[in-house]
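Chemist: Below is the sequence, then the predicted model.
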Amino acid sequence: MQQDAMLKALLERTAEGEKAAFQALYRALYAALLRFLFRATGSVPDAEDLVNEVMLVVWRNAGHFRGESQVTTWIFGIANRILKRWRQRQQVRAKGQVPLEQADELEMETAPTPMEYWVEQRSLAEGLSQLSADQRKTVELAYLFGYSCDEIATLMQCPAGTVKTRLFHARQKLRDFLLPFAGH
């Protein structure tokens, strides 16, 4: 119980943007998270990457911790969701593997030109800048971090219907913004 009080204090200070508190929280949980993720992945490098991914989510969302559970329960819940998405990515990669002799040909056919890549990245960044802060955060949580609407609702402390509405309107705005760039 004493450890949870210490972790909670560190998390609260992290939510206020205190980097030293975040570093202390990271050090306090690193070994346990690494063990947990290593058991699931069987790879130290993958487990280390996932620890960093978990702690990045903690840094960004520390202010959303409501204290309804222990800090470790909340953070390991994040780790579990990130691990689930990692496994899904691994399955997709395994299905999409191409024999080595065909890899160069496939890359040549599908790789965008530097200009196409630049236009695509620039267009997406500009499109995201057209969204409201709530819409942008909702899109990032859904598409960059893979959270479900219910999880986003919990993180953003709003109803799931609001999340769905934000995603709907954000997709419309992005489609309308990006559609002219589709011909490039």
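Modeler: The structure has been received and is ready for your questions.
Chemist: make it CA atoms for all contacts and neighbour counts henceforth
Modeler: Fine.
Chemist: List the buried residues of the helix or strand where residue 11 lies.
Modeler: Taking DSSP states H and E as the criterion, residue 11 maps to helix 2-15. By neighbour count on 16 or more other CA atoms under 10 Å, the buried set for helix 2-15 is 7, 8, 10, 11, 12, 13, 14, 15.
Chemist: and it, how far from the chain's centre?
Modeler: With CA atoms, centre = their mean, to the nearest Å as the basis, helix 2-15 stands 22 Å off its chain's centre.
Chemist: Equivalent analysis for stretch 128-141, please.
Modeler: Taking the mean of its C-alpha atoms, stretch 128-141 sits 14 Å from the chain's own mean (CA atoms, centre = their mean).
Chemist: for stretch 66-82, same thing?
Modeler: Using CA atoms, centre = their mean, the offset of stretch 66-82 from its chain centre is 15 Å.
Chemist: Buried residues, that stretch. List them.
Modeler: Residues 70, 71, 72, 74, 75, 76, 78, 79, 80, 81, 82 are the ones in stretch 66-82 that count as buried (16+ other CA under 10 Å).
Chemist: Redo those as a markdown table? Include secondary structure, pLDDT and distance to residue 91.
Modeler: Listed next are these as a markdown table, based on DSSP: H, G, I helix; E, B strand; the rest coil; pLDDT from 0 to 100; distance: CA to CA, whole Å:
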| residue | secondary structure | pLDDT | distance to residue 91 |
| --- | --- | --- | --- |
| 70 | coil | 87 | 32 |
| 71 | helix | 89 | 30 |
| 72 | helix | 88 | 28 |
| 74 | helix | 88 | 26 |
| 75 | helix | 90 | 24 |
| 76 | helix | 87 | 22 |
| 78 | helix | 90 | 20 |
| 79 | helix | 90 | 18 |
| 80 | helix | 87 | 17 |
| 81 | helix | 89 | 16 |
| 82 | helix | 89 | 14 |
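Chemist: quick one on the thing from earlier: which one of the buried residues of helix 2-15 sits closest to residue 155?
Modeler: Among the buried residues of helix 2-15, residue 15 lies closest to residue 155 (CA to CA), at 13.3 Å.
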